[in-house]
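>>> I would like the atomic coordinates for the input below:
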Amino acid sequence: MKPLNYAILKYMTTVKEACPENVIDALSSQYSTFRAFNKAEVLTALLTAEANGLLEESRFDLDDDGELRLFFRAHAEGVETINRYIPG
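Model (predicted):
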């Protein structure tokens, strides 16, 4: 099993865009027992990847509870970099 941050990055290369909730839904079958597998930590991982140039914010909206929800996408260069360093 890949480290959680690697799994998050690899997931982002397979979708048009995703928010932390999408990531959690997609990876819960493998990572639900990880302590860092929660909305705040997944958002931190996505923001870190954005700061490092691997992802970019694609849009934002409000969820059903009125909380801000950020969506991210992996641009072409980010996908190439992620796939080069994280095989499989």
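>>> so what's Met1 closest to, chain neighbours aside?
Gln30 (6.2 Å; CB to CB, 6 or more residues apart in numbering). For the C-beta atoms, the positions are set from N, CA and C on the backbone; glycine is no exception.
>>> and the next helix or strand past the host helix or strand of the one you found?
Assessed by DSSP states H and E, Gln30 sits inside helix 20-31. As assigned by DSSP H and E, the chain's next helix or strand after helix 20-31 is helix 39-51.
>>> helices or strands up against that next one?
helix 4-12, helix 20-31, strand 68-73 (3 or more CB pairs under 8 Å, 6 or more residues apart in numbering; DSSP states H and E).
>>> quick one: low-confidence ranges for this structure?
Along the chain, the model assigns pLDDT under 70 to no residue.
>>> same thing but 90
1-2, 88 (pLDDT under 90).
>>> circling back: from the chain's centroid, how far away is the helix holding Gln30?
9 Å (CA atoms, centre = their mean, to the nearest Å).
>>> stretch 21-38 now?
11 Å.
>>> buried sites along that stretch?
Of all the residues in stretch 21-38, those buried under the rule 16 or more other CB atoms under 10 Å are Asn22, Val23, Ile24, Ala26, Leu27, Tyr31, Phe37.
>>> same question for stretch 43-50.
Applying a neighbour-count criterion of 16+ other CB under 10 Å, one finds Leu43, Ala45, Leu46, Ala49, Glu50 buried in stretch 43-50.
>>> rewinding a little: so which of the buried residues of stretch 21-38 is the closest to Ile86?
Ile86 lies nearest to Leu27 out of those, by CB to CB, at 14.1 Å.
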